[in-house]
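Enquirer: the sequence isn't on hand, but the structure is:
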């Protein structure tokens, strides 16, 4: 279970990847990260600029002067930055479960605000509301993005424990439901 927002080092990693493509300035990086998130998340200036200045101080990135834009502070990755990027790729790659926990955790909070009687959110004046309809829209958008980026969405009827056990290789080879026509999919633990 994650105790805070995005996995530690995510913004640094995104900045390194984007600078590896070409030199960029801070506001441009913020725009790129927002675009990558589908417009749903933008890191603050207060989180991005200290990273750029730290990278510069550590020799991971360097400022690049451009005659056509002398007032903008462009940053480019150095050789040390490329080494740092390789390390960040491994680090962020190892945090996929934590990232998934953040996404699921925030969705569960959204659903709780819609359904749990302990919360009495007054959302009558907003463009959005905590409701089954808006929850369904969020899920639909997630499925659409999955199908755009991967392939047709296919339900996985497994509890988190069953899924994690299967994905981490704890299940025996004979337990794979996809390999056996006679096996039943694991129960999701919820009534349909």
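Expert: That came in fine, so what should we check first? The shown structure was predicted, so the numbers you read here are calculated from the model rather than taken from an experiment. Residues are numbered from 1 along each chain as shown.

Enquirer: which stretches of this protein form strands?
Expert: 24-25, 61-64, 74-77 (DSSP state E).

Enquirer: the shortest one pairs with which strands?
Expert: Put plainly, it is strand 24-25. strand 74-77 (antiparallel) (DSSP bridges).

Enquirer: tell me which of the strands of the chain lies nearest to residue 140.
Expert: With respect to residue 140, and counting by C-beta to C-beta, the nearest of these is strand 24-25 at 33.1 Å. Yep, even glycine has a C-beta here, placed from its N, CA and C like the rest.

Enquirer: contacts for that closest one next, please.
Expert: Identification of contacts with strand 24-25 by C-beta atoms under 8 Å, 6 or more residues apart in numbering yields 18, 32, 69, 72-75.

Enquirer: gap between it and the chain center?
Expert: 22 Å (C-alpha atoms, centre = their mean, to the nearest Å).

Enquirer: what do you get for stretch 107-127?
Expert: Worked out by C-alpha atoms, centre = their mean, stretch 107-127 lies 23 Å from the chain centre.

Enquirer: for it, which positions count as buried?
Expert: 111, 113-114 (16 or more other C-beta atoms under 10 Å).

Enquirer: cheers, nothing more for now.
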